[in-house]
Structure formats: structure tokens, C-alpha cells
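Undergrad: Sequence first, predicted coordinates after that:
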Amino acid sequence: MTQSSSRNAARLTGGLPDALVFREWRLYRWSYTLAAVLVFLQAGGRVLGWWVAGRAPEAVARPILADQLVSPNAIVNGSGAVTFAGAVAVLVAASLMWREHRSGALLYTLNGPVRRRDLLRVRAVMGGLWMVGAELAAWLVLASAAVSTGHAGWLLPLFILCVARALLAVAAWVTGLAVGSACGGIVASVVGAFLVLRVPNMVASLVSFLTSSAFTGRPLDVAPDRTVLVAASVLRQLSPLDGLYFAGAVSDARLSGVATAVAFCVWFLAWVFGFWRLAAWLFDRVPLERLTETFYFPQLWYVVRALVSLLVGDLVGHAVSRMVNGWVFLLWFAIGFIACWLVLRAWTVRRARLSNRDSRRLRPQL
Amino acid sequence: MTAVETVQLTKVFEHRPAVDHVDLAVPEGSLFAVVGANGAGKSTLLRLLVGILTPTSGTVRLFGQTLPRDAADFRQDAHYVAADAGMLPSFRVHEVCAYAGRLYKGWDRERCARLLRAVELPLHAPVRTLSTGTQMQLRLAIALSARPRLLVLDEPTNGLDPIVKRQFLQFLVQEAAGEGTTVVLATHVLEDVERIADGLAALYQGRVLLSGSIDELRARCTRLQAVLPNGLPAAVADHPAVAEVNRQGQVYLLTIEGDAAAVAEQLRAAGATVVEPMELALADLFRYWMEKEGYRRDAVLFS
């Protein structure tokens, strides 16, 4: 028993806790595998399919197929290329957190000698490794195809591209974990995770709107300030769902150069680190008694209220102002926002009062 | 040495206290029961004891050490078992054991195998296919194989058939008496408590109504049966130690809280032909204390 104790202690102190890795793999191996396969297929699937089917291309068609399937440009410009991988990552991460508490596995695990941070660390690392593995596998397939079609020069750009895609997928994965650490409901988790990932796009849209001719009163035939347009464009690419265009260092002339690659890495590594810290902070503070609630932290209802009010304000503003004048829009937006906020507030206060009354009535029976 | 000690322990859920300034002391190696009506705060108290829930105020000390906010390490020595504490539903029985074996420092593999054989658990069955009672047996087998110093059990006999329940209670007594493990269990079944527990705490609306060793609690309240052909004199009925009087013809049943000998003397002086002390069952004692606090289930249901 002494030997067993020391062995277990060593396992617990060194690296990832052995028990949690075993548990994670046994519980969610199919989810990890599915996510990795989807991410892999998105980049390397078409090439793999082309090979597996044994359709060796004719010498004439080979360069065209290579250009369409294997070239870095084809990967970057492939429709929804990054959005798909990021979406898969965030969806699986957020749903794992939800499944975890719904099945009772989370409660059981946390009742034992398990640190929440370790549990989350195992998930973040395993998910990250699978994403990176999937992208590396995709690179192997793409690299083989590139070499076989006489494009050995594409190997490095393809590798950089796959690393960039892996970083984006990991960023999306960690974002999913962070949102899943705050939301108990699957809808709230998934919608919340996508909303967080779209924040850069929303800010970009806001910048575009605030500098639009409707809002500023600028004549329609006068072109908007180029700096603003570039800023809005860059902002859009700060989301892991759209970030690959930022990584144009590979071959895209729009954003090339070492500086861009470094900026890309710094930004998305900061994203991963920041959301990892947020996830750990939130997960450490989840009150176990709220595991069945839509949001683990009741304060998040304020965020929901604000988002719904923003949406209603936007609808009212657009409907009434018809975007002829930005200030009229703002006025109606504010009216719609405040009215919706007050209605939602009254509704939640009433619900809370009813709930308190019911519990007071039930109290003598307890 | 005290295994578990709580000082003014309080847990508030959404402005309502579930555990309200609880002071408890459980001696090491004892079998201590926490009893109370539904919603009295038993489960919350037990979760607080092992640091699964964080107290709103107050402290918990396990084996002399104050429980920190992150009490994961403490749960190597304090194992919590409850029917509603989740499971790993997609695991097979042997996989749950493999997981526990990797998790607990004091894991005793041979003991686990022996216990699984004793309760005839199918090793390759997925946990989700097991009945509630069988899942509870698995939890208990794991808890006992982890060889904790403190075993905290929430309604452990729920869903167990009488034979397995008896077997399990024997295990508990062996653990406490033979292995020196401190056992704290929450239960509704007072007969079990009476049979196996050394001490008890009764909770009502999050507060401790009474606590102490079973013998101490019994000594605090006794029952006298007296045959009084001339009726019960007012002097006896109004005696400060007489808490409750039930009458059936000439036979009076008096619940005494305090000096029973003095009341018996008065009864004899009042012409009682028979005065004999009766042992108050724990269930009666519990009912008496609960009613004293205003808990009358029938009154709530039928008034």
C-alpha cells in the first residue's frame, strides 16, 4: 500500500493528473476524435478523398487540381475554411462542459479529491493537442499531395498555414471552455460562445456604422476614410473564426511579412492565454448548487438582458429611422433599449418574488 | 481527538439559510448520525464537512486542520458518498474502479476486488445500466477501498434491499470499530441510527436541535408509565420536568425531561399503583424534539 501511495502521489504531482486524463479520454474520446476528424477533413479531406478514390489525375489536370485543392491560396480562400474548424472546436468544447454536468460526471468528479483547475487543464490540453494533431495530419496529406504534384516549394507555406489554423482552432476551443464554464444550458453555452467569438466582428460593424454616410451625414459620393475601412477590416480578422486572413503571411499579398505573422501569433496566443485564465477563474468559482441553472452565475442574466435590449433597440431604431438619419436611429435605439430593459427587469423581479413566496409557503413542510 | 468540528457553520442559498450556525464535534473513530426531516439541511451540512460546498460563514476543521476554500487534498482522507452525487454513467464498473485507483493515494485494490465480489457487482456492466441500489453499492465499495479516515455518507441505505442494507451496516460498524474510520451519516432511518451510531445530531431548518452521544440524549428524556386509579394530580401534570402526558384509561404515559425520580416519587405519593420507567425509542425522542420545535407534519397536511 505504501508503494501504491507513492506511485499515485507521483502521478498526481507530475504533469497532468493521470486519473483525470484517463477519465477525460474514457468519457469523451469520441467527441475529441470527431472534432479532430472534422478539422482534419476540412483541410485535407478533399485531397485524401482524391487519393483514396484512386483517381490519379492526368498530367494536364494535375496542376489545376493542385491549385484548387492543395495550394496555400486554395486553403486560405476555401469557403468558410477557418470558420468551420473554429466552429467545430467551440461547439465541441462548449457541449463537453454541458454534457459533463448533465450526466452527473462533473458532480461525481468534484466530490472527489480533484482540483477544478486540473480538470479544466486536462480538457484544455487534450482538446488543444487533438486540434494540433488534426492540423498536422492535414499538413502531412497536403504536403504529400504538393510534392507528388511537383510543388515542393509549398511545403513550408502549407506548414505555416496549418500551424496558424491550429492556433485558431485552439483559440476557439479555449473560448468554448470559458463560456461553458459559465453556462449550464447547452443553448446558452453554444450561443454565448459564438457571440464571444463574433465580438471583433460586431465591433467592426459598429465602427463601419458609426462612420457610415447615414450616421455622419457625409454625401454618398464621398468615399469614406480609408484608415477607418482598414481598421474595420483588421478588427474583423481578430476573431478566431476569421483570423486566417490575418495570417496572410503565407502567400496572400494583402497582409504579408514577418511582422504580420508575429502580430497574428501574439494576438491569438494572447487570446488563448486570456480565455484560458478566464475559464479557470470562472470554473473555480462555479457554485455547485447552481449546476442545473442556465447560468452558473446569476449576474449573467444582466448580460442576456443587455443583449436582448440591444437587439430590440436595434430593430426599433432601424424600423423607425429607416437609416435616413443616424441621430434619429440613436434616439429610437435608446427608447427601444430602455423599454426592453425595463420590461425584462420587471419580469425577472416578479419571477423572483413568486419564487420567494413559494419557498416561504413551503417552509413549514420542510 | 476530534475528527470533525464545525464552528458556527452557516450556508445561505439565495438569502435562505440551509445550515444555520451549526456547532458540531465528532470524535475520531466514532459513528455519528445526522438526522432530520426533509430539507432540514443534512445534505448541505455533509457537503460542507468535506469542502464540496463553501460555507457562507463559520469554519470546518477536519482532524484539527481548518478546511481551506479548495479542499481537494482533504478529500483524499474524507470520502463523500451520496445517491444524488452523480456518477460516471458511461464507465463500466471496472473502469470506475480503475479511475478511483488512479485518484486515491490510499487505494486498496485487493479490498476493492473483495468488496465487489461480496456485493456481486457485474464488473463489465456500464454504470448507467445499474439500478440505484447497485450504484450505491458501487459507490460504497469505492469509498471503503479508498481507506479514508473520514467517511461521510448521505442517505447510504436508500435503495438497498434489507439483506444488502444489513451487510452494509455491518461494514460500517467494522470500519468504525475495527479500522478506526470516523463515519458521519445522514439518514431518516432512526432504527439504524439506534443500532449502530455512537452519537447523533438532529437538524431542523438548518439548526441543530440536539446533539450528543445516544446515551446522553436518552438520559435527557425518559418515559414513565403509571397506573392512576384516581387520575393524574395537577401537581404532577404541572411539574416542570413533565413534558408530555398521554392517557389511556387509568394508564398514563409521561414524557419526562429532567429529574424522573422526583416525578416518580410524586406519582407514587398520588396513589399510583404502578410506576415504571420505559425506554424511550430514538424515534419517539426525535418526534418529541421535533414537535417541541413546532414540526407537526400531520398538522400541516390536514389543517
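TA: Done, it's in. Treat the numbers as computed from the prediction; the structure is a model and nothing was measured.

Undergrad: CA only for contacts and neighbour counts going forward, please
TA: Noted.

Undergrad: where along the stretch 101-250 of chain B do the strands fall?
TA: Taking DSSP state E, counting those that start in this stretch, the strands of the stretch 101-250 of chain B run over residues B:150-154, B:182-187, B:199-204, B:207-213, B:222-227, B:242-248.

Undergrad: same deal with the stretch 251-366 of chain A?
TA: For the stretch 251-366 of chain A, applying DSSP E, counting those that start in this stretch gives no strands.

Undergrad: who does the lengthiest helix in chain A touch, helix- and strand-wise?
TA: Ranked by residue count and defined by DSSP state H, the top helix of chain A is helix A:326-362. Under the contact criterion of 3 or more CA pairs under 8 Å, 6 or more residues apart in numbering or on different chains; DSSP states H and E, helix A:326-362 touches helix A:213-216, helix A:300-321.

Undergrad: what's near enough to touch residue 137?
TA: All of this refers to chain A. By CA atoms under 8 Å, 6 or more residues apart in numbering or on different chains, the contact set of A:A137 is A:F40, A:G44.

Undergrad: try again with chain B
TA: Going by CA under 8 Å, 6+ apart, B:Q137 touches B:V119.

Undergrad: Now do it, the pLDDT please.
TA: Note on B:Q137: pLDDT of 88.

Undergrad: From B:K165, how far out is it?
TA: Distance, B:Q137 to B:K165, by CA to CA, to the nearest Å: 10 Å.

Undergrad: Can you name the residues that contact the spatially most central residue of chain A?
TA: The centroid of chain A falls nearest to A:A172 when counting by CA atoms, centre = their mean (3.1 Å). Each residue near A:A172 by CA under 8 Å, 6+ apart is listed here: A:G86, A:A87, A:A89, A:V90, A:L197, A:P240, A:L241.

Undergrad: Dump these to a markdown table, plus distance to B:A270.
TA: Formatted as a markdown table, the contacts of A:A172 follow (distance: CA to CA, whole Å):
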| residue | distance to B:A270 |
| --- | --- |
| A:G86 | 90 |
| A:A87 | 88 |
| A:A89 | 86 |
| A:V90 | 83 |
| A:L197 | 86 |
| A:P240 | 91 |
| A:L241 | 92 |
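
Undergrad: filter those by proximity to chain B?
TA: For chain B, no contacts are drawn from those by CA under 8 Å from any CA of the partner chain.

Undergrad: with these in mind, which one is nearest to A:D18?
TA: A:A89 (24.0 Å; CA to CA).

Undergrad: Can you get me a residue count around the closest one?
TA: 30 (other CA atoms under 10 Å in any protein chain shown).

Undergrad: Can I get the helix or strand where it lies as PDB, trimmed to CA atoms?
TA: Per DSSP states H and E, A:A89 falls inside helix A:81-102. Output in PDB follows, covering the C-alpha atoms of helix A:81-102 (Å, rounded to 0.1, in the frame of the first residue of the first chain):
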ATOM      1  CA  ALA A  81     -12.200  27.300 -44.200                       C
ATOM      2  CA  VAL A  82     -11.400  28.600 -40.700                       C
ATOM      3  CA  THR A  83     -14.900  29.300 -39.600                       C
ATOM      4  CA  PHE A  84     -15.700  25.600 -39.900                       C
ATOM      5  CA  ALA A  85     -12.700  24.400 -37.900                       C
ATOM      6  CA  GLY A  86     -13.300  27.100 -35.200                       C
ATOM      7  CA  ALA A  87     -17.000  26.400 -35.100                       C
ATOM      8  CA  VAL A  88     -16.300  22.700 -34.600                       C
ATOM      9  CA  ALA A  89     -13.800  23.400 -31.800                       C
ATOM     10  CA  VAL A  90     -16.100  25.800 -30.000                       C
ATOM     11  CA  LEU A  91     -19.200  23.700 -30.400                       C
ATOM     12  CA  VAL A  92     -17.500  20.500 -29.000                       C
ATOM     13  CA  ALA A  93     -15.800  22.400 -26.200                       C
ATOM     14  CA  ALA A  94     -19.000  24.100 -25.000                       C
ATOM     15  CA  SER A  95     -21.000  20.900 -25.400                       C
ATOM     16  CA  LEU A  96     -18.500  18.900 -23.400                       C
ATOM     17  CA  MET A  97     -18.900  21.300 -20.500                       C
ATOM     18  CA  TRP A  98     -22.700  21.000 -20.700                       C
ATOM     19  CA  ARG A  99     -22.600  17.100 -21.000                       C
ATOM     20  CA  GLU A 100     -20.200  17.000 -18.100                       C
ATOM     21  CA  HIS A 101     -22.700  18.500 -15.600                       C
ATOM     22  CA  ARG A 102     -25.800  17.000 -17.200                       C
END
